[in-house]
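Student: Sharing a sequence plus its predicted fold:
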Amino acid sequence: MSVALGITRPPLVRTIPIDHPGDLVARLPQAPPYAWVHRGEGMVAWGEAARVDVPPGPGRFDWARAWLADVFGEASVDDGVHVPGSGPVAFGSFTFDPDAPGSVLVVPRVVLGRRNGRAWLTTVGEAPMELMTPPRGPGEIRYGDGSLTAPQWQHAVGRAIGEIRSGRLEKAVLARDLVATAEREIDVRLLLRRLADAYPDCYTFSCAGLVGATPELLVRHTGQEVESLVLAGTTYRGPGPAEDHAQAAALFASRKDRYEHACAVASVRDTLAPLCAELTVPDQPELLVLPNVQHLASRVRGRLADGASVLDVVAAMHPTAAVGGTPTGVALEVIRELEGMDRGGYAGPVGWIDGRGDGEWGIALRCAQIEGRRARLFAGCGIMGDSDPAAELAEAQAKFRVMRYALEG
Ligand SMILES: C=C(O[C@H]1C=CC=C(C(=O)O)[C@@H]1O)C(=O)O
């Protein structure tokens, strides 16, 4: 199963402390970038020491774990920093649908990281020379419908509402896609720059062409500690603080949004509880205010009962009700029946894992799959029995704003 590319064996993975790397995103050379950045900290990476397409199917996380054990296991590691993210690291993106192709793991050749003010540089084998050209804008962007037009999607939402009212399920998250075509090849570094600057409270990510700024942390794993930020229930930003406040108050008072949120929290609680010796789930959600929308948010914290890695936890948690629905199995059937598209990596787990099993994985939201001059943008909404299709469409448009801004500036 060994797939390391062009690296002498055993590959030497060396991590050294470094002084002030400055802005992480600004240090990316002209190579397909890997990134996980939150409030200026995290990691950026480039080059591919090893890469694998994870075979689709129900055993994909087990397969990924075995691959990682092989690749990390054969490395000779000299880690002078010893923090989560130092030493060998893999970035990964898993498709939403376990049966869809497109899940990938990559061990970059060079990683630049910063955590709690400490910075490091990891190299696998000889660090490649890379061009430090400034990113160029993509020029004019044209948008077209993806799998469904807006009216078709509203119709699908209406059908989901019918299924919910008939008692088949309680909640389904329906998404749609838009296709953007740029004048010139899209330089992902520019998108990362804009996302990290405009959405510092989100996790700006890039992995194998999947790029976005997600507010939803599926799981952070540090030693035995795990943390998840559950989001569901959305309203708009007002034009000023008073309107913002009124929108937020209406969100907290909305039965539909509170129940939608409760479903998402329950799905996370129920999957984490058997893995954890301790688990804290807040009674009430808090408010997460982002530049485009406001969300109901619950921070769930736990202490793992045994030595599960972050990927074990990801495998147990995906898909949460924030992107699938309740009950999960029926929601996935309804999504397949009504959405009319393959979600690809959208709403799937995206993040990184290190050799100790620590890592951070988000749910790939507010994102696009980039290929050359083309970007496929995704946005979805939690549908409940009392949802209004027009309001859900407007919510999806607000969520698209993140990637539209990344492309257009
Ligand atoms: C499915 C998405 O958002 C989820 C996360 C937060 C709030 C959501 C909502 O209110 O519908 C969704 O559950 C998306 O952004 O594509």
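Tutor: It's in. As the structure is a computational prediction, the values presented were derived from the model and not from experiment.
Student: And the helices in the chain, which stretches?
Tutor: 60-73, 150-165, 188-198, 241-253, 255-272, 310-317, 328-339, 389-408 (DSSP state H).
Student: can you pull the alpha-carbon coordinates of the fifth one into CSV?
Tutor: What that stands for is helix 255-272. Taking C-alpha atoms only, helix 255-272 is exported to CSV below (Å, rounded to 0.1, in the frame of the first residue of the first chain):
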residue,chain,number,x,y,z
ARG,A,255,-39.2,27.0,17.2
LYS,A,256,-38.2,25.7,13.8
ASP,A,257,-34.6,26.9,14.2
ARG,A,258,-34.3,25.7,17.8
TYR,A,259,-35.6,22.3,16.9
GLU,A,260,-33.3,22.1,13.9
HIS,A,261,-30.4,22.9,16.1
ALA,A,262,-31.5,20.4,18.8
CYS,A,263,-31.5,17.7,16.1
ALA,A,264,-27.9,18.5,15.2
VAL,A,265,-26.7,18.6,18.8
ALA,A,266,-28.4,15.3,19.6
SER,A,267,-26.7,13.6,16.7
VAL,A,268,-23.3,14.8,17.9
ARG,A,269,-24.0,14.0,21.5
ASP,A,270,-25.2,10.5,20.6
THR,A,271,-22.1,9.6,18.6
LEU,A,272,-19.6,11.1,21.0
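Student: Against which helices or strands is that helix packed?
Tutor: strand 171-182, strand 225-236, strand 293-304, helix 310-317, strand 325-326, strand 374-383 (3 or more C-beta pairs under 8 Å, 6 or more residues apart in numbering; DSSP states H and E). To be clear about C-beta, it is placed using only N, CA and C from the backbone, and glycine gets the same treatment.
Student: ok, which residues in this structure are in contact with the ligand?
Tutor: By C-beta under 6 Å from any ligand atom, the residues of the chain that approach the ligand are 173, 175, 216, 231-234, 295, 322-323, 365-366, 379-382, 399.
Student: let's see 8 Å
Tutor: Residues of the chain lying close to the ligand by C-beta under 8 Å from any ligand atom are 173, 175, 214-216, 231-234, 257, 260-261, 264, 293, 295-296, 321-323, 346-347, 363, 365-366, 378-382, 395-396, 399.
Student: dump the residue contacts of the spatially most central residue of the chain.
Tutor: Centroid check for the chain by C-alpha atoms, centre = their mean gives A364 as the closest residue, at 2.7 Å. By C-beta atoms under 8 Å, 6 or more residues apart in numbering, the residues touching A364 are S93, F205, L210, G212, T214, G345, Y346, A347, G348, P349, V350.
Student: Now it: closest residue in space that isn't a chain neighbour?
Tutor: Among residues not flanking A364 along the chain, V350 sits closest, at 4.3 Å (C-beta to C-beta, 6 or more residues apart in numbering).
Student: State the number of residues packed around the residue in the stretch 1-150 of the chain positioned nearest to the ligand.
Tutor: The ligand sits closest to F96 of the stretch 1-150 of the chain, with a gap of 10.2 Å, by C-beta to the nearest ligand atom. By the measure other C-beta atoms under 10 Å, the count of residues near F96 is 26.
Student: just for the stretch 301-409 of the chain, where's the confidence low?
Tutor: Along the stretch 301-409 of the chain, the model assigns pLDDT under 70 to no residue.
Student: Equivalent analysis for the chain, please.
Tutor: Along the chain, the model assigns pLDDT under 70 to residues 1-9.
Student: picking up where we left off before, out of the helices and strands packed on helix 255-272, nearest to W120?
Tutor: With C-beta to C-beta, the closest approach to W120 among these belongs to helix 310-317: 18.9 Å.
Student: Run through the neighbouring helices and strands of that closest one.
Tutor: Helices and strands touching helix 310-317, as assessed by 3+ C-beta pairs under 8 Å, 6+ apart, comprise helix 60-73, strand 217-222, helix 255-272, strand 349-354, strand 359-363.
Student: Redo these as a markdown table? Include mean neighbour count.
Tutor: Converted to a markdown table, the helices and strands packed on helix 310-317 look like this (neighbours: other C-beta atoms under 10 Å):
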| stretch | mean neighbour count |
| --- | --- |
| helix 60-73 | 17 |
| strand 217-222 | 24 |
| helix 255-272 | 20 |
| strand 349-354 | 28 |
| strand 359-363 | 27 |
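Student: For these, give me JSON lines that also has distance to W120.
Tutor: Conversion of the helices and strands packed on helix 310-317 to JSON lines gives the following (distance: least, C-beta to C-beta, whole Å):
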{"stretch": "helix 60-73", "distance to W120": "17"}
{"stretch": "strand 217-222", "distance to W120": "16"}
{"stretch": "helix 255-272", "distance to W120": "30"}
{"stretch": "strand 349-354", "distance to W120": "12"}
{"stretch": "strand 359-363", "distance to W120": "16"}
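Student: Would you mind saying which of the ones you listed lies nearest R142?
Tutor: Judging the helices and strands packed on helix 310-317 by C-beta to C-beta, what sits closest to R142 is strand 349-354, at 26.7 Å.
Student: hmm, who's touching the closest one?
Tutor: 36, 43, 68, 84-94, 205, 207, 210, 214, 218, 309-311, 314, 318, 359-364, 367.
Student: Using CSV, write down the CA coordinates of it.
Tutor: The C-alpha trace of strand 349-354 is given here as CSV (Å, rounded to 0.1, in the frame of the first residue of the first chain):
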residue,chain,number,x,y,z
PRO,A,349,-15.0,16.0,6.6
VAL,A,350,-12.0,18.1,5.7
GLY,A,351,-8.9,18.7,7.9
TRP,A,352,-5.6,17.2,9.0
ILE,A,353,-4.2,14.4,11.2
ASP,A,354,-0.8,14.1,12.7
